[in-house]
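Colleague: sequence and computational prediction follow.
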Amino acid sequence: MASNDPTTPSAPPIWEKFRWILPILVVVLLSRFSVAKDGFSQLSRPVVLWLIDLFGGQATDHGDTITVGRLDVPWSGDCAGLNLLVLLLAVAVWMNRREPMGKRYWVRIFMMIPAAAIANVLRIFMIIGYREVFYPAIESPQLHYFFGLALLVPFALLAMPKSTRSFSSRVFELLHVAAVIALLAPHADGSQGAALTIAVILGLSNCHMPERLSPARLASFALWVVAAGAIAFAGMESFWLPWVLVCPLVCDPKWLFSPVGALVTLSSHRMVYLIPGAEWVEWVVWAILGYAVWTKFGTHENDTTAHPSTNSWNRPEKAMMFATAVLFLLPFLSSTILAGKKENWVPPTSASLSEVPGGQMVTLPGQNDKIGLLWYDSVGTERHHKLEICLKYRGVELTRSKDVADVFDDGKNHWMKEYYLQNGKLIQSHQEYVISTLGPGTSAGVHLILITDQSSMSAKEFSEEAGKISSRLYEMIREEKLLPGDTSKATASK
């Protein structure tokens, strides 16, 4: 029997429920669209060149690069500014999700367009300045994202709606949202990007400043700080996004430790979708996310209870808030702060090279022409994934061969096997590679993938030949004195 109690909250009409879900959909689309497009280069390139000339600098446009003094700065689609624009729009839409969609709402949103243009030009000059100061070093991908975040937050303040809440708490929440979306954007366009993005936005929707910090939150905060040290020490870059998302100062512990909250939080880690042989995982994730979205926005959120003021926080609690704001920078700076000397592996000079997407095809003199040897350098400081994960990123599901455990079948009549060049040695397995790369300052090295047609040889024969080729590659690098850290010149053998 239906209750007639006027205090009982009733479910909102379908349109009102959709209005609450709409910001999630908008932020998902914007995050997935944040992958840079080269066509937007014309928006910022002329401005950058004009400003350099205005202040007496010398800059030359070469299309893919611009030369500024002694620096050759690559000009990619990322420099165009579209990614920063859509991130600002995403943050603005999220911060104003409780605001009526009147004139002020749209003014705040559209203010992000000129703000993004200005912020992007400043970001490019930050990159140029960094490269000039630390020449010949260049910024890591994480530091590159940090430059965007450093400008994202102050310009996003322009879109912050008025509130009776304390300014410090609103800025803290803004920094949290901006850090999460900045970390999310590089992964939002992948094959599982939509599910990952919705999981992250659902997590954000359950983040708010509490009236006071309970003992449970304080204990969680201590564990959270320890986790940051472990992630930074081990170089586990993929864990930074869920780490920022579940910050104990804003994440609702009751929701986080509920079955739905725990599953949604797990879904905010991209590796969940890449478990080899678990195609069903994504279907389960979508079912959980659908249930979570519908139940979360089935009733109105009260803005006062969802976001209480931090005016009642005592001085130690406010100090903790400011310290946490600094910790939000760790995902963007840790790899630079803890970076060691990068290993510069190069193929033997006698090998023939050809470009393949993301790497090189290396052919050694006298190499078995039925086997291909692929060479992939690391991107930044993040370690390589194992072969099964790498191929799953590309939509290929590998299975282990029945005869040889470390030989894989790609389902397209190919055998594949992997090796690594790291820490001055040839590494035979991903498990050994992970152990070798643990700790700060370690280099990610090179991922070697060997491939052949199954019709040309058995899995066992391929494994033996692949081992010989990879060992010969390493020996040739060593003989030519091309090992990382070896500064002597190669001598030609007579």
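Modeller: Everything's here; your move.

Colleague: for residue 443, which non-adjacent residue is spatially closest?
Modeller: Spatial nearest neighbour of residue 443, excluding adjacent residues (Cβ to Cβ, 6 or more residues apart in numbering): residue 343 at 3.9 Å. All C-beta atoms are positioned from the backbone trio N, CA, C, and that covers glycine.

Colleague: give me the number of residues near the closest residue to residue 352 other than its chain neighbours?
Modeller: Leaving aside its chain neighbours, residue 352 sits nearest to residue 363 (4.6 Å; criterion: Cβ to Cβ, 6+ apart). Applying other Cβ atoms under 10 Å, we find 17 other residues in the vicinity of residue 363.

Colleague: wait, doesn't residue 363 sit right on residue 375?
Modeller: No: with contact defined as Cβ atoms under 8 Å, residue 363 and residue 375 do not form a contacting pair (10.6 Å).

Colleague: how about the residue nearest to residue 352, what does it touch?
Modeller: 351, 352, 353, 354, 373 (Cβ atoms under 8 Å, 6 or more residues apart in numbering).

Colleague: what score does it have for pLDDT?
Modeller: Looking at residue 363, its pLDDT is 93.

Colleague: phi, psi for it please.
Modeller: Main-chain torsions, residue 363, degrees, to the nearest 10: phi -120, psi 120.

Colleague: distance of it from residue 347?
Modeller: Counting by Cβ to Cβ, to the nearest Å, the gap from residue 363 to residue 347 is 10 Å.

Colleague: quick one: which of the contacts of residue 363 is the most crowded by neighbours?
Modeller: Highest neighbour count within these: residue 373, with 23 neighbours (other Cβ under 10 Å).

Colleague: which residues of this structure fall in strands?
Modeller: 59-61, 65-68, 71-74, 352-356, 359-363, 371-377, 399-400, 408-409, 414-422, 425-427, 446-453 (DSSP state E).

Colleague: name the stretch among those that sits most buried.
Modeller: strand 414-422 (a mean of 24; mean count of other Cβ atoms under 10 Å).

Colleague: what helices or strands is that strand leaning on?
Modeller: helix 387-393, strand 408-409, strand 425-427, helix 430-437, strand 446-453, helix 459-479 (3 or more Cβ pairs under 8 Å, 6 or more residues apart in numbering; DSSP states H and E).

Colleague: out of those, nearest to residue 332?
Modeller: When the helices and strands packed on strand 414-422 are compared by Cβ to Cβ, helix 430-437 sits nearest residue 332, at 20.4 Å.

Colleague: tell me what angle the closest one forms with strand 446-453.
Modeller: 170 degrees (axes from the mean of the first three to the mean of the last three Cα atoms, to 10 degrees).

Colleague: buried stuff in helix 430-437?
Modeller: The neighbour-count check on helix 430-437 (16 or more other Cβ atoms under 10 Å) flags 430, 433, 436, 437 as buried.

Colleague: now those residues in TSV, please, with extra columns for distance to residue 289.
Modeller: Formatted as TSV, the buried residues of helix 430-437 follow (distance: Cβ to Cβ, whole Å):
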residue	distance to residue 289
430	30
433	33
436	37
437	33
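
Colleague: out of the contacts of residue 363, flag the one nearest to residue 265.
Modeller: Closest approach between the contacts of residue 363 and residue 265, by Cβ to Cβ: residue 373, at 40.3 Å.

Colleague: the residue nearest to residue 443 touches residue 423, doesn't it?
Modeller: Yes: using Cβ under 8 Å, residue 343 is in contact with residue 423, at 7.4 Å.

Colleague: these two: who's more crowded?
Modeller: residue 343 (19 against 14).

Colleague: I'd like the distance between the more buried one and residue 111.
Modeller: Residue 343 is 46 Å from residue 111, by Cβ to Cβ.

Colleague: residue 204 now?
Modeller: Here the criterion is Cβ to Cβ. By it, residue 204 lies 22 Å from residue 111.

Colleague: do residue 420 as well
Modeller: For residue 420, the distance to residue 111 - Cβ to Cβ - is 48 Å.

Colleague: just residue 435 next, same as before
Modeller: 50 Å.

Colleague: same question for residue 454.
Modeller: Distance from residue 454 to residue 111, by Cβ to Cβ: 58 Å.

Colleague: ditto for residue 156
Modeller: On the measure of Cβ to Cβ, residue 156 and residue 111 end up 10 Å apart.

Colleague: shared neighbours, these two?
Modeller: With Cβ under 8 Å, 6+ apart, residue 156 and residue 111 have common neighbours residue 92.

Colleague: neighbour-wise, which of the two wins?
Modeller: For residue 156 and residue 111, the more surrounded residue by other Cβ under 10 Å is residue 156, and the numbers stand at 26 against 15.

Colleague: so that one makes contact with residue 91?
Modeller: Yes: taking Cβ under 8 Å as the definition, residue 156 is a contact partner of residue 91 at 4.8 Å.

Colleague: who touches both of the two?
Modeller: The contact lists of residue 156 and residue 91 share 174, 178, where a contact means Cβ under 8 Å, 6+ apart.

Colleague: pretty sure residue 470 is touching residue 420, no?
Modeller: No: Residue 470 lies out of contact with residue 420 (Cβ under 8 Å); the separation is 9.5 Å.

Colleague: quickly list what's touching both of those two.
Modeller: By the contact definition Cβ under 8 Å, 6+ apart, residue 470 and residue 420 are jointly contacted by 426, 448.

Colleague: I'd like the strands of the chain laid out as CSV, including distance to residue 263.
Modeller: CSV is the format used below for those (distance: least, Cβ to Cβ, whole Å):
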stretch, distance to residue 263
strand 59-61, 50
strand 65-68, 46
strand 71-74, 41
strand 352-356, 38
strand 359-363, 36
strand 371-377, 33
strand 399-400, 27
strand 408-409, 30
strand 414-422, 32
strand 425-427, 35
strand 446-453, 32
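
Colleague: nearest to residue 166, out of those?
Modeller: Residue 166 lies closest to strand 71-74 among those, at 41.2 Å (Cβ to Cβ).

Colleague: elements contacting that closest one?
Modeller: Using 3+ Cβ pairs under 8 Å, 6+ apart, the elements in contact with strand 71-74 are strand 65-68, helix 112-133.

Colleague: to residue 359, which of these lies closest?
Modeller: strand 65-68 (21.2 Å).

Colleague: who touches the closest one?
Modeller: Against strand 65-68 from outside (Cβ under 8 Å, 6+ apart): 45, 48-49, 52, 57-60, 72-75, 128, 132.

Colleague: try 6 Å
Modeller: Residues from elsewhere that reach strand 65-68, judged by Cβ atoms under 6 Å, 6 or more residues apart in numbering: 59, 60, 72, 73, 74, 75, 128.

Colleague: would you agree residue 146 is in contact with residue 332?
Modeller: Yes: counting by Cβ atoms under 6 Å, residue 146 sits close enough to residue 332 to count as a contact (3.3 Å).

Colleague: helices along the stretch 201-350 of the chain, start to end?
Modeller: Using DSSP state H, counting those that start in this stretch, the helices assigned to the stretch 201-350 of the chain run over residues 215-234, 240-245, 253-256, 259-266, 280-296, 303-306, 315-327, 330-337.

Colleague: helices and strands of the protein: which one bottoms out on pLDDT?
Modeller: helix 303-306 (a mean of 42; mean pLDDT, DSSP states H and E).

Colleague: how near is the spatially closest residue to residue 239 that is not a sequence neighbour to residue 268?
Modeller: Nearest residue to residue 239, sequence neighbours excluded (Cβ to Cβ, 6+ apart): residue 231, at 4.9 Å. As judged by Cβ to Cβ, residue 231 and residue 268 stand 15 Å apart.
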